[in-house]
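*Asks:* would you be able to build a 3D model of this:
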Amino acid sequence: MGLLGVWNLADSDLVKCTISPHDIADIEWDDFIIYEYFSKKTWKVTKHDVINVELPRMGYKLFFILPAKHNAVAIGLINKYNSPATIISQKIEKGVIKVTVADSGIFGTVIPKKPKSVFCNGKKIDLNYENGLLTIEIAEGKIRQNNEIEIKW
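*Replies:* A predicted model of the protein is given here:
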């Protein structure tokens, strides 16, 4: 996993650049999903693919470079700046993801098709699935707790 922050600090109205999983030192996987925090966009890429980035004056973007398994990846609580750090554990198999996250918030994952079911702490919950990005809202409890999520597609 890697995080890439990109800023336009130049005296220019527009800066163009590229990013790639290969920009992360010692990255070992071959298939990745890149998630941009502010736009909520995702890309499926290989280690040497590049994504074109354009930034307006004083613009910025935050990219998570996440290893994909079965064309899926858990991003974490996407309302937190370091979303992947909210993941305590995860297991991805063909057609199912099981994830434990610390705290509540909006959980995001990328899966190859609309899920058949989504459970949080054993209860079926509502979801939003758009362009491969699945988001679910984990309600805040009376006390801060870990939350277990199971997604089947």
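
*Asks:* could you check stretch 84-92 and say which residues are buried?
*Replies:* Along stretch 84-92, these residues count as buried under the neighbour rule (16 or more other C-beta atoms under 10 Å): 84, 86-87, 90, 92. Just so you know, the C-beta spots here come from the backbone N, C-alpha and C atoms, and that holds for glycine as well.

*Asks:* for those, give me a markdown table that also has pLDDT and secondary structure.
*Replies:* Listed next are the buried residues of stretch 84-92 as a markdown table, based on pLDDT from 0 to 100; DSSP: H, G, I helix; E, B strand; the rest coil:
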| residue | pLDDT | secondary structure |
| --- | --- | --- |
| Pro84 | 95 | helix |
| Thr86 | 96 | helix |
| Ile87 | 97 | strand |
| Gln90 | 95 | strand |
| Ile92 | 96 | strand |
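
*Asks:* identify the farthest-apart pair in those.
*Replies:* Comparing every pair within those by C-beta to C-beta identifies Thr86 and Ile92 as the most remote, at 16.4 Å.

*Asks:* so what's the spatially most central residue of the chain up against?
*Replies:* Nearest to the geometric centre of the chain sits Ile75, at 3.0 Å (C-alpha atoms, centre = their mean). By C-beta atoms under 8 Å, 6 or more residues apart in numbering, the contact list for Ile75 reads 35, 64, 66, 83-84, 107-110.

*Asks:* tell me the phi and psi of it?
*Replies:* Main-chain dihedrals, Ile75, degrees, to the nearest 10: phi -90, psi -40.

*Asks:* what's the distance between it and Lys44?
*Replies:* 13 Å (C-beta to C-beta, to the nearest Å).

*Asks:* ditto for Ile106
*Replies:* Distance, Ile106 to Lys44, using C-beta to C-beta: 21 Å.
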